[in-house]
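Colleague: just a sequence and a predicted model for now, questions to come.
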Amino acid sequence: MGVILAFVACVLIWGSTWYGIEFQLGVVAKEWSLVYRFALAAVLLQAWCALRGLKPSFGKRGHLAAAGTGIFLFGLNYFLMYAGTEYLTSGLVAVAFSMLSLMNIISARLFLKLPVHLPILGAALLGILGLVLVFSHEIVQFSLGDNTVVGLALCIAGTMIASLGNTIAASNTAKSFPILPFTALGLFYGMIFNLLVALGSGEPVSFDPRMPYVVSLLYLAVVGTIVAFTVYLWLIAQVGVARAGYISVVMPLVALTISTIFEGFEWSAAALAGLAMIVTGNAMMVRLKGREKPAPALAE
């Protein structure tokens with residue numbers, strides 16, 4: 001039951017953060033919005049760990065694992081996805097990011113030497129195809145003659161980077177440390193990366209003091225980052241990186257539900273068929289029992 005609750009929590013939180021990110025764009029450059037989000041998350045979680053007396057000794061390998069997780073999962077991934085979103089509709093972004101479920105399977109095989117389970121692969125492919133049907137009305141408008149190609153390439157690259165971050169977090173090196181301190185250290189490295197990118201971008205330092213920006217920043221930092229990523233890293237340790245990656249297929253449905261309520265999104269026959277495929281793929285994932293065999297340490 002704990003695994004199911006963790007899966008649902010990540011889906012609900014990250015599905016809703018897409019709506020929150022809209023309030024971050026506009027006045028403040030995306031590079032600095034990412035700095036604020038992950039700096040706030042890092043400081044708050046580090047403070048919580050200090051209050052709880054959670055101060056493990058990470059050593060060189062622990063810092064490398066945390067740095068890899070932070071840079072790939074909290075830094076470069078978000079920068080590329082934000083950049084790609086500027087050229088794509090939300091549907092194409094969702095389809096591109098849903099490839100995480102497939103890329104996690106490939107990364108786990110290449111870097112962690114984990115076997116490819118055909119039921120997991122089938123569920124991932126079924127979910128991706130379902131999401132394609134859900135957003136088919138946007139996909140048919142895709143053109144090779146404009147910047148949507150650039151946006152798609154950026155989002156796919158961001159998804160690949162996220163998969164590498166997932167794979168590092170799934171290694172025994174990463175899983176040998178308590179989740180909260182490891183996540184806090186990863187957020188610290190992610191914050192440093194985002195700060196360097198922001199400084200190198202030449203974008204002026206700015207902040208939007210208006211309520212929508214501040215409230216969305218707090219939500220993204222505390223709920224969308226601290227809570228969601230802590231739960232997600234725990235979920236990876238419980239069910240493996242391949243099954244945890246199916247979250248990327250399901251969470252756009254939460255965004256669509258929000259859009260249905262507040263923006264008048266209408267479900268077509270193709271979208272409903274896609275929804276049925278995603279639900280079927282999710283049911284296949286849930287029925288798969290047991291954990292993946294232990295993943296190797298990074299240096300092995």
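Modeller: Great, that's in hand. Just so it is clear, the structure is predicted and the values come from calculations on it, not from any experiment.
Colleague: what's the offset of stretch 235-255 from the middle of its chain?
Modeller: Counting by Cα atoms, centre = their mean, to the nearest Å, stretch 235-255 is centred 9 Å from the centre of its parent chain.
Colleague: same deal with stretch 215-230?
Modeller: A distance of 12 Å separates the centroid of the chain from that of stretch 215-230, by Cα atoms, centre = their mean.
Colleague: now the end-to-end length of it.
Modeller: Across stretch 215-230, the straight-line distance between its terminal residues is 21 Å, by Cα to Cα, to the nearest Å.
Colleague: in that stretch, what counts as buried?
Modeller: Within stretch 215-230, the residues that qualify as buried by neighbour count (16 or more other Cβ atoms under 10 Å) are 216-217, 219-230. In this view, the C-beta of every residue, glycine as well, is placed from N, C-alpha and C.
Colleague: ok, stretch 56-76 next?
Modeller: Using 16+ other Cβ under 10 Å as the burial criterion, the residues of stretch 56-76 that qualify are 58, 62, 64-76.
Colleague: host element of S248?
Modeller: With secondary structure defined by DSSP states H and E, S248 is part of helix 247-262.
Colleague: need the contact partners of the next helix or strand after that helix.
Modeller: Stepping forward along the backbone from helix 247-262, the first helix or strand reached (DSSP H and E) is helix 269-287. If you take Cβ atoms under 8 Å, 6 or more residues apart in numbering as the criterion, helix 269-287 is touched by 4, 119-120, 122-124, 126-127, 129-137, 243, 246, 249-250, 253, 267.
Colleague: how far off centre is whichever strand or helix holds T159?
Modeller: Per DSSP H and E, T159 falls inside helix 148-170. Helix 148-170 sits 9 Å away from the centroid of its parent chain (Cα atoms, centre = their mean).
Colleague: what's it packed up against?
Modeller: For helix 148-170, the helices and strands in contact under the criterion 3 or more Cβ pairs under 8 Å, 6 or more residues apart in numbering; DSSP states H and E are helix 59-71, helix 77-85, helix 90-98, helix 100-112, helix 228-239, helix 241-244.
Colleague: how much space between I168 and Y36?
Modeller: Computed with Cβ to Cβ, to the nearest Å, the distance linking I168 and Y36 is 25 Å.
Colleague: hmm, S16 is touching T257, no?
Modeller: No. S16 sits out of contact with T257 when judged by Cβ atoms under 8 Å, with a separation of 9.3 Å.
Colleague: so which of the helices and strands packed on helix 148-170 gets nearest W48?
Modeller: helix 228-239 (10.3 Å; Cβ to Cβ).
Colleague: quick one: that closest one to chain centroid distance?
Modeller: The chain centre lies 12 Å from the centre of helix 228-239; the measure is Cα atoms, centre = their mean.
Colleague: what does that helix rub up against?
Modeller: By Cβ under 8 Å, 6+ apart, the surrounding residues in contact with helix 228-239 are 2-3, 6-7, 9-10, 13-14, 17, 45, 73-74, 166, 169-170, 174-175, 179-180, 182-183, 187, 244, 247, 291-292.
Colleague: tabulate the helices and strands packed on helix 148-170 in a markdown table, adding columns for distance to R52 and mean pLDDT.
Modeller: Conversion of the helices and strands packed on helix 148-170 to a markdown table gives the following (distance: least, Cβ to Cβ, whole Å; pLDDT from 0 to 100):
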| stretch | distance to R52 | mean pLDDT |
| --- | --- | --- |
| helix 59-71 | 18 | 95 |
| helix 77-85 | 27 | 88 |
| helix 90-98 | 33 | 78 |
| helix 100-112 | 30 | 90 |
| helix 228-239 | 13 | 92 |
| helix 241-244 | 25 | 88 |
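Colleague: among the buried residues of stretch 215-230, which are in strands?
Modeller: Residues from the buried residues of stretch 215-230 lying in strands, with DSSP state E as the criterion: none.
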